[in-house]
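A.B. asks: Predicted model and sequence follow; I will ask about them next.
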Amino acid sequence: MRRRKMSVTEYCDREFTPESRPCEKTVIRWIQNDIIEGVQIGKRWWVYETVTEADRLVENVLRSA
């Protein structure tokens with residue numbers, strides 16, 4: 001399983017609708033409280049995206065189509 005970092009903003013855009021989107025401070029608190037996986041590098045916060053083998057297989061099939 002490989003992990004990729006995405007910004008808090010990118011995470012919110014991907015995971016939430018505009019009506020349900022939490023503020024960035026809320027997501028940072030989730031990271032600090034181990035609710036979601038993430039890390040602070042310098043002054044920026046990053047959320048880890050988990051990519052499973054199934055995700056990788058789907059990605060390969062879509063790329064070859």
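C.D. replies: Looks like it came in fine. Numbering: from 1, shown residues only.
A.B. asks: all helices for the chain, in order.
C.D. replies: 8-15, 24-32, 53-64 (DSSP state H).
A.B. asks: Only the C-alpha atoms, please, for the first one, written as CSV.
C.D. replies: Output in CSV follows, covering the C-alpha atoms of helix 8-15 (Å, rounded to 0.1, in the frame of the first residue of the first chain):
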residue,chain,number,x,y,z
VAL,A,8,-5.9,20.0,3.4
THR,A,9,-7.6,22.1,0.7
GLU,A,10,-7.3,19.3,-1.9
TYR,A,11,-8.7,16.8,0.7
CYS,A,12,-11.7,19.0,1.5
ASP,A,13,-12.4,19.5,-2.2
ARG,A,14,-12.2,15.8,-2.9
GLU,A,15,-14.1,14.4,0.1
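A.B. asks: between it and helix 24-32, how many degrees?
C.D. replies: 90 degrees (axes from the mean of the first three to the mean of the last three CA atoms, to 10 degrees).
A.B. asks: If you count neighbours, what's buried in helix 8-15?
C.D. replies: Going by neighbour count (16 or more other CB atoms under 10 Å), the buried part of helix 8-15 is 8, 11-12. Quick note: C-beta positions are derived from backbone N, CA and C, even for glycine.
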